[in-house]
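K.L.:
turn this into a model:
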Amino acid sequence: MPDTKIPQAFKAISIGTEVAFSVLGGGFLGYLIGKKFGETGAVIGLSVGILLGFVGGMYNLIRKFW
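P.N.:
Residues are numbered from 1 along each chain as shown. Below is the predicted model:
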């Protein structure tokens, strides 16, 4: 494997983990906030949190590489 491929591999891994942790963190926070409003609120909070986490992860990705 050429030496130039290794930094690219680390960059690809960091992109994936950054987006994954954004989605997981957003989902977790949305669930916790929504749980205060009951079981239906927890489902809605989880959904909104996952969506906002994904959008935040994509925003960071675009900002980093654009």
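K.L.:
and what about Phe37, helix, strand or coil?
P.N.:
Secondary structure, DSSP: H, G, I helix; E, B strand; the rest coil: Phe37 is coil.
K.L.:
begin at 375 from here
P.N.:
Yes, from this point I'll number from 375; that puts the last item at Phe411.
K.L.:
give me phi/psi at the nearest residue to it once chain neighbours are set aside?
P.N.:
Excluding its sequence neighbours, the residue lying closest to Phe411 (CB to CB, 6 or more residues apart in numbering) is Gly419, at 7.4 Å. Using the backbone N, CA and C atoms, a C-beta is placed for each residue, glycine as well. Dihedral pair for Gly419: phi -60, psi -40, per degrees, to the nearest 10.
K.L.:
so what's Gly419 up against?
P.N.:
404-409, 411 (CB atoms under 8 Å, 6 or more residues apart in numbering).
K.L.:
closest to Met432 among these?
P.N.:
Of all the contacts of Gly419, Met432 sits closest to Gly404, with 16.7 Å by CB to CB.
K.L.:
leaving out the residues flanking it, which one is nearest to the closest one?
P.N.:
Nearest to Gly404 is Gly423, by CB to CB, 6+ apart, at 1.9 Å.
K.L.:
test my guess that the one you found contacts Ser396.
P.N.:
No: using CB atoms under 8 Å, Gly423 makes no contact with Ser396, being 10.3 Å away.
K.L.:
low pLDDT regions in the chain?
P.N.:
375-377 (pLDDT under 70).
K.L.:
and the helices in it, which stretches?
P.N.:
379-409, 413-439 (DSSP state H).
K.L.:
mind listing residues that contact stretch 433-440?
P.N.:
So stretch 433-440 is contacted by 389, 392-393, 396 (CB under 8 Å, 6+ apart).
K.L.:
list the contacts of the most centrally placed residue in the chain.
P.N.:
Central residue of the chain (CA atoms, centre = their mean): Ser396, 2.2 Å from the mean position. Applying CB under 8 Å, 6+ apart, we find Ser396 in contact with 427-428, 430-431, 434.
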